[in-house]
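> Quick one: sequence and predicted model below, then my questions.
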Amino acid sequence: MKLKTSAIAVLAALPLMTAVASAAPTAAELQDRVYGSVFWEHYAPDNDKTKSLDWKGQNNGNGTGLNIGYRISESWGIRAEYVRQDLESEFSDADIKGNRVGMDLVYHVDSLPLYFVGGIKNYTTGRSASAANIGMGVNMFVTDEVALFVEANRYQGISKAFGDHGVKVGLTYNFGAAPAAEPAPAPEPAPVAAPVIGDADQDGVTDDKDQCANTPITDKVDTVGCSIFTENSVSIALNAQFDNDSSVVKEQYHADIEKLATFLKRFPNTDVEIGGHASNVGTPAYNLALSQRRADAIADVLVSNYGIERSRVKAVGYGITKPKAAGSSKAAHAINRRIEATVTASVKEAVQR
């Protein structure tokens, strides 16, 4: 409780220092710079120290010290500390004097004057000891190089059990100049206005270079304003199945056959092979003839119902030579009683923007 009021004072100073933070140098301007600090410290030993003969009854006292630090990055820094302590004694009128030295890692909070510290310290005040410390502080820059600071720490004993507190008030000077801002580039001379040439079909190629007038606005064009075409492969497949020992085309497949016919009419340079297949029931010779009848049945529908030239339709029976499903189950037989046909064509299509 000895330094509770002092710690609250550090936190209370934060809003005031935040208000002047806009006048402080930026974190980037402080990076890679060495700084030095001098400070006065009020130090409050653990109550157990005050009651201990081993610690010579250490009580509240003061100290003066200095830091030498280096800002590693915009957020992180390191520093070395030396403090000369002068503490009162509960058991004697003579003050207890000694030194505290150590190293700290410092984290600076972005856009705020607040920072946090943590480190290791060694003492010769009263007796030799070591401690880990953690604390927080605030900076208030009065110029680009000089800042006032307030910092509070707790010191937790390592080699000996104790918990001390300390509050520092001091002055920091940042050595070296902040990086100079790069000069603004000289303005470029104003370009000479070029004569305006129209683009009647709005394809991005001016009329003086456009060799293909009135190209569709949706088409991608080449350097002379003509549509760019690409060859794309398109295809359609027909799959139909038959009842056992039957070559009758089921009504449900007529819509698919019509789609195949439409495709053949769209691409008149294409032909189609109708492949007939049978299940492995009966003799191979019978199944070969049955598969041919099935292929012929589909071909007849294409020619008779949808007007496809007979010369473009080839019907081939494969019998049982190309089964789609292995085995002799009813399901396998049903799958293998089928027709398969695929037509592929190349189409020239304009590339879209």
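Done, it's in.
> in the protein, which spans are helices?
4-19, 27-30, 47-50, 254-266, 284-306, 330-336 (DSSP state H).
> and the residue nearest to R353 when sequence neighbours are not counted, what does it touch?
Nearest residue to R353 in three dimensions, chain neighbours excluded: K220, at 5.0 Å (CB to CB, 6 or more residues apart in numbering). Placement of C-beta: from N, CA and C, glycine included. Going by CB atoms under 8 Å, 6 or more residues apart in numbering, K220 touches S227, I228, A350, V351, Q352, R353.
> sorry, back to before: what's the closest of the helices of the chain to E88?
helix 47-50 (9.2 Å; CB to CB).
> elements contacting the closest one?
strand 58-71 (3 or more CB pairs under 8 Å, 6 or more residues apart in numbering; DSSP states H and E).
> how many neighbours does the closest residue to I339 other than its chain neighbours have?
Among residues not flanking I339 along the chain, A240 sits closest, at 4.4 Å (CB to CB, 6+ apart). The number of residues packed near A240 is 22, by other CB atoms under 10 Å.
> show me what contacts A240?
So A240 contacts V249, K250, Y253, D256, I257, I298, R338, I339 (CB under 8 Å, 6+ apart).
> quick one: G57 and T50 touch, right?
Yes. Judged on CB atoms under 8 Å, G57 makes contact with T50 at a distance of 5.9 Å.
> what is in contact with those two at once?
With CB under 8 Å, 6+ apart, G57 and T50 have common neighbours E90.
> give the contact list for the residue lying closest to V83 once chain neighbours are set aside.
Leaving aside its chain neighbours, V83 sits nearest to G65 (3.5 Å; criterion: CB to CB, 6+ apart). G65 makes contact with V38, F39, E41, E81, Y82, V83, R84, R100, K168 under the criterion CB under 8 Å, 6+ apart.
> Repeat that for K168.
With CB under 8 Å, 6+ apart, K168 has these contacts: F39, W40, E41, G65, G137, F149, V150, E151, A152, N153.
> redo that, cut-off 7 Å
Residues near K168 by CB atoms under 7 Å, 6 or more residues apart in numbering: F39, E41, E151.
> Check the spacing between it and R127 real quick.
23 Å (CB to CB, to the nearest Å).
> swap in L264?
104 Å.
> Comparing the two, which shows the higher neighbour count?
Using other CB under 10 Å, the more surrounded residue of L264 and R127 is L264, with 23 against 16.
> can you tell me which residues contact the closest residue to the more buried one other than its chain neighbours?
Counting by CB to CB, 6+ apart, the nearest residue to L264 once its immediate chain neighbours are dropped is I308, at 5.5 Å. Contact analysis of I308 by CB under 7 Å, 6+ apart lists A261, L264, L302.
> can you tell me which residues contact the second one?
For L264, the contacting residues are T270, V272, I308, R312, V343, by CB under 7 Å, 6+ apart.
> Fine, thanks again, bye for now.
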